[in-house]
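Novice: Quick one: sequence plus predicted model below, questions after.
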Amino acid sequence: MNAARFREGMAVGSGLAMAAFALAVSFGALSQTQDWGTVAPIVCSVIVFSGSAQFALLATLGAGGGVVTAVAAAALINSRFLPMGIAVAGDLRGGPVRRSLEGQTVVDGSWVAAHRGGGRFDRDLLLGATAVQWPAWIGGTVVGVVLAPDADLLHTLGLDVLTPAFFVALLLDEVRKERANRAAAVLGAVVAGVLVIFLPTGPALIGSASAALIALFVPRKQSGSGAGTPAEAEPEDVAEAEAETGSAETDSAETEDAAR
C-alpha cells in the first residue's frame, strides 16, 4: 500500500466525514421518533453505511410501509453501487475475500475522489477516504440515538442542504475531470426533470441514472498494445518497468561480453 496516497485519502475523507457525521446524527434522532430502540439504528449504520438508503428505510416505515417494502426501497437506492463496484474492481487487489472486503469501501464520495479518469481508480486513496467516513457515520448515529436531539434540528440549522450540496460537489468534480462526463450529466438532469413531472422524486432520480448508459457509445482511446499509455500507469508500475528494462539490458550486455 502507498502510505502517502492513503493519507491523502484520509485528508479528503475528513471533509466528507464532517457532513456524514451531521447527517448520521439526524438519522439517529429520527430513528428514535419511530421507536427503533438503541441497538437497531447503530447496527444499521454499521452494516448498511448508506445515508440515502437508511433515510429511505425511515421514510418508508414512517409512512406505514412494511419491512419488505422498506428494504426493497433501500436496496433500489443502493443498486447504484453495482456499476460503481464493477468500475473499480480492476484496481482492487488480492483474492476474492480480500477484494470483496476492499469493495466495501466503495461509497459515493470516496469513489469520485479516487477516480483518476479513463476508468481507473486510486485504490489507496479510496481506502483512506472511507477509513475516515465510516467511523464518523457510526459515531454520528450513536450521538443521535443517545442524545436524541430534535429531529428537525438539521432543518432549523439549514444543514438539510448538506446531502444535495454534497452530490452536486461530487458531480462538478467528476465533470471537471473528464469532458466526456458532461454529456451524461446534462442528459441525467434532463431525464430527472422530465420524470419528476410524472413520478415521485426518488424514482425520478433513479431513472436519471440511465443517462450513464451513454458511456457505452463513447469510444475509449486505446494504445497499440492495449495496456494503456505510460501516463495512465501507476508511478510505481513505471518504476518497476524501468527497473526490469534496465536489468534486461544489463543481462544482454553481459551475455554479449561472454560471447566475445
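Specialist: That came through, no problem.

Novice: Now residue 45: closest residue in space that isn't a chain neighbour?
Specialist: residue 141 (4.1 Å; Cβ to Cβ, 6 or more residues apart in numbering). No exception for glycine: its C-beta is placed from N, CA and C like everyone else's.

Novice: surely that neighbour meets residue 41?
Specialist: Yes: with contact defined as Cβ atoms under 8 Å, residue 141 reaches residue 41; the gap is 5.8 Å.

Novice: joint contacts of the two?
Specialist: Shared contacts of residue 141 and residue 41 (Cβ atoms under 8 Å, 6 or more residues apart in numbering): 27-28.

Novice: Contact partners for residue 44?
Specialist: Contacts of residue 44 by Cβ under 8 Å, 6+ apart are 31, 54, 57, 141.

Novice: For the last one, give its distance to residue 119.
Specialist: Think residue 141. Distance from residue 141 to residue 119, counting by Cβ to Cβ, to the nearest Å: 34 Å.

Novice: Check which helices and strands the helix or strand where residue 74 lies is in contact with.
Specialist: Secondary structure from DSSP states H and E places residue 74 in helix 67-78. With contacts defined as 3 or more Cβ pairs under 8 Å, 6 or more residues apart in numbering; DSSP states H and E, helix 67-78 has these neighbours: helix 51-62, helix 201-208.

Novice: what's the least confident stretch among those helices?
Specialist: Lowest mean pLDDT within the helices and strands packed on helix 67-78: helix 201-208, a mean of 67.

Novice: can you count the residues close to residue 86?
Specialist: For residue 86, the neighbour count with other Cβ atoms under 10 Å is 11.

Novice: Give me the contacts around the helix holding residue 74.
Specialist: 48, 50, 52-54, 56-57, 59-61, 65, 202, 206.

Novice: at 10 Å instead, please
Specialist: Residues outside helix 67-78 that contact it (Cβ atoms under 10 Å, 6 or more residues apart in numbering): 44, 48-63, 65-66, 202-203, 205-206.

Novice: Kindly report the same for stretch 89-102.
Specialist: Taking Cβ under 10 Å, 6+ apart as the rule, stretch 89-102 contacts 1, 85, 88, 103, 105-106, 114, 116, 119-124, 126-127, 130, 234.

Novice: quick one: the helix holding residue 74 to helix 51-62, angle?
Specialist: 160 degrees (axes from the mean of the first three to the mean of the last three Cα atoms, to 10 degrees).

Novice: Dump the C-alpha coordinates for helix 67-78 into CSV.
Specialist: What follows is helix 67-78, C-alpha atoms only, in CSV (Å, rounded to 0.1, in the frame of the first residue of the first chain):
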residue,chain,number,x,y,z
VAL,A,67,-40.4,-4.2,6.3
VAL,A,68,-40.2,-5.8,2.9
THR,A,69,-41.2,-2.6,1.1
ALA,A,70,-38.7,-0.6,3.2
VAL,A,71,-35.8,-2.9,2.5
ALA,A,72,-36.7,-3.0,-1.2
ALA,A,73,-36.7,0.8,-1.4
ALA,A,74,-33.3,0.9,0.3
ALA,A,75,-31.9,-1.8,-2.0
LEU,A,76,-33.2,0.0,-5.1
ILE,A,77,-31.4,3.2,-4.0
ASN,A,78,-28.2,1.2,-3.2
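
Novice: mind listing what's buried in the following helix or strand past that helix?
Specialist: The helix or strand immediately downstream of helix 67-78 is helix 81-88, counting by DSSP H and E. Applying a neighbour-count criterion of 16 or more other Cβ atoms under 10 Å, one finds 81, 84-85, 87-88 buried in helix 81-88.

Novice: Pipe those into JSON lines and attach distance to residue 16 and pLDDT per row.
Specialist: Shown next, in JSON lines, are the buried residues of helix 81-88 (distance: Cβ to Cβ, whole Å; pLDDT from 0 to 100):
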{"residue": "81", "distance to residue 16": "16", "pLDDT": "89"}
{"residue": "84", "distance to residue 16": "16", "pLDDT": "88"}
{"residue": "85", "distance to residue 16": "19", "pLDDT": "90"}
{"residue": "87", "distance to residue 16": "19", "pLDDT": "89"}
{"residue": "88", "distance to residue 16": "17", "pLDDT": "93"}
